[in-house]
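# Output the structure for:
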Amino acid sequence: MTPPDTSYPATSLTRTLLLCVALAMLLGCTTAGQGVSTPAGLSDDVVAAPGMTPEAEAAEARAHAALRATPPDWQAAREGFEIAAAAGSVAAMTQLGWIYEQGHGVPVDGEAAARWYAEAARRGAPEYALKLGWMYLGGQGVAQDVAQAEHWFQTAIEADYAPARLAWASVLIADAQGGVEPARVDEARTLLDAALADGETLATHFLVRLYREGIGGHPIDAARAADYAQIGAAHGHAQVQARLAYMYLEGEGVAQDALTAAKWANLAAAGGDASGDRLRRLLDDVLTEAERREVRARAVAWAVAQ
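Numbering: from 1, shown residues only. From the prediction side, this is the model:
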């Protein structure tokens, strides 16, 4: 079953369209899942909330059973989750948000979904604060409201939810590239460094861009960019591997090395990155057969070691 997405939605009308589409693809996001599912990060198990009565727990269990029926009994599910949510079940709140977001047994109602997600976020589910940020930023089921979006992104960040740091930083960078509040790139960099420290290695993609491209007037530092690219490439991010390949080809922040460039281009291409594949084909045309064999051996050795 595919859970509703709590990360990057469709583009915001106030952001640079093509850049935001690229960010959506980069962060691995899709529109909300189709068919019967459960909200992201939650199982069908009933987890008793503090103060939940046995009756509320039983209602939530009946709601899950109603979802598993063929076809699902949406009315029974909604009624059971409403009882459990009223008793404090965060899982039931997110289920109700999903039911209204997707229109399962009810008309699609993004505002009702947002209310349930907000209640869950306030009760300790920061992934739904992040989801609300994307919903309000892109006008997904609710009226577009950038101030509300930032409120929910910041709520998730204050809850120490690392993916929210990465997400909000990506929005600030998109804005800066589009000429909106470029001075906030320093805030974005701080968020990215914190996200990286928390294990969100995709942050390196944006850090490399800041230090290579000087987005929003950010200082350019090829050596720093290369350091971040090495981290992201080592963690298997194809887009970062492609950037590192070009840096080795040009000697940008690293010693120029066509074979190492070709290795990372091969790995980026294998990961589905189009620019890495273009560079791989370009280098294949200029390297000798012996060099191509060496490059493939290096790429295979790296992949096997992961």
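# phi, psi of residue 254?
phi -140, psi 160 (degrees, to the nearest 10).
# ugh, typo on my part, it should be residue 66
According to degrees, to the nearest 10, residue 66 has phi -70, psi -30.
# these two touch, right, it and residue 60?
No - Residue 66 is beyond contact range of residue 60, at 10.5 Å (criterion: Cβ atoms under 8 Å). To be clear about C-beta, it is placed using only N, CA and C from the backbone, and glycine gets the same treatment.
# more neighbours, these two?
residue 60 (27 against 19; other Cβ atoms under 10 Å).
# how near is that one to residue 95?
9 Å (Cβ to Cβ, to the nearest Å).
# Find the residues that touch each one of the two.
residue 81 (Cβ atoms under 8 Å, 6 or more residues apart in numbering).
# State the pLDDT value of residue 212.
On the pLDDT scale, residue 212 is placed at 97.
# Which helix or which strand is home to it?
helix 203-213 (DSSP states H and E).
# Other residues contacting that helix?
Residues from elsewhere that reach helix 203-213 (Cβ under 8 Å, 6+ apart): 26, 165-166, 169-170, 173, 185, 188-189, 192-193, 195-196, 215, 218-222, 224-225, 228-229, 231-232, 235, 237, 239-240, 243, 247, 252.
# Give me the buried positions along it.
Going by neighbour count (16 or more other Cβ atoms under 10 Å), the buried part of helix 203-213 is 203-212.
# what about residue 291, distance to residue 261?
Residue 291 is 11 Å from residue 261, by Cβ to Cβ.
# gap between stretch 137-153 and the chain center?
Stretch 137-153 sits 16 Å away from the centroid of its parent chain (Cα atoms, centre = their mean, to the nearest Å).
# got it, and stretch 194-211?
With Cα atoms, centre = their mean as the basis, stretch 194-211 stands 13 Å off its chain's centre.
# that older thread, the more surrounded of residue 291 and residue 261?
Using other Cβ under 10 Å as the criterion, residue 291 and residue 261 rank with residue 261 on top: 24 against 15.
# Wait, residue 268 touches residue 236, no?
No - under the criterion of Cβ under 8 Å, residue 268 makes no contact with residue 236, lying 10.0 Å away.
# who's more crowded, the two?
Neighbours per residue (other Cβ under 10 Å) separate residue 268 from residue 236, with residue 268 holding more: 30 against 15.
# so residue 278 is in which element?
helix 274-286.
# any idea how far the next helix or strand after that helix is from the chain center?
Going down the chain from helix 274-286, the next helix or strand is helix 289-305, by DSSP H and E. Its chain's C-alpha centre and that of helix 289-305 lie 31 Å apart, by Cα atoms, centre = their mean.
# packing partners for helix 289-305?
helix 258-270 (3 or more Cβ pairs under 8 Å, 6 or more residues apart in numbering; DSSP states H and E).
# How about the helix it packs on, which residues are buried there?
258, 260-270.
# tell me the angle that helix makes with helix 289-305.
50 degrees (axes from the mean of the first three to the mean of the last three Cα atoms, to 10 degrees).
# Use 593 as the first number from now on
Renumbered: residue one is now 593, and that last one reads helix 850-862.
# In space, what's closest to residue 688 - neighbours in sequence excluded?
Nearest non-adjacent residue to residue 688, counting by Cβ to Cβ, 6 or more residues apart in numbering: residue 708, 4.4 Å away.
# Tell me the secondary structure at the one you found.
With DSSP: H, G, I helix; E, B strand; the rest coil as the basis, residue 708 sits in helix.
# ok, now which ones touch it?
By Cβ under 8 Å, 6+ apart, the neighbours of residue 708 are 677, 685-686, 688-689, 692.
# Of those residues, which belong to helices?
677, 685-686, 688-689, 692 (DSSP state H).
# Closest one of these to residue 748?
Residue 748 lies nearest to residue 686 out of the ones in helices among the contacts of residue 708, by Cβ to Cβ, at 14.3 Å.
# Could you count how many residues lie near the closest one?
Neighbours of residue 686 (other Cβ under 10 Å): 30.
# which stretches of the stretch 593-742 of the chain form helices?
All helices of the stretch 593-742 of the chain, identified by DSSP state H, counting those that start in this stretch, fall at 609-618, 646-660, 666-678, 682-694, 702-714, 718-730, 738-750.
# and the fourth one, what other elements does it pack with?
What it means is helix 682-694. helix 646-660, helix 666-678, helix 702-714.
# Output the ones you listed in CSV; the columns should cover mean pLDDT.
CSV is the format used below for the helices and strands packed on helix 682-694 (pLDDT from 0 to 100):
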stretch, mean pLDDT
helix 646-660, 95
helix 666-678, 97
helix 702-714, 98
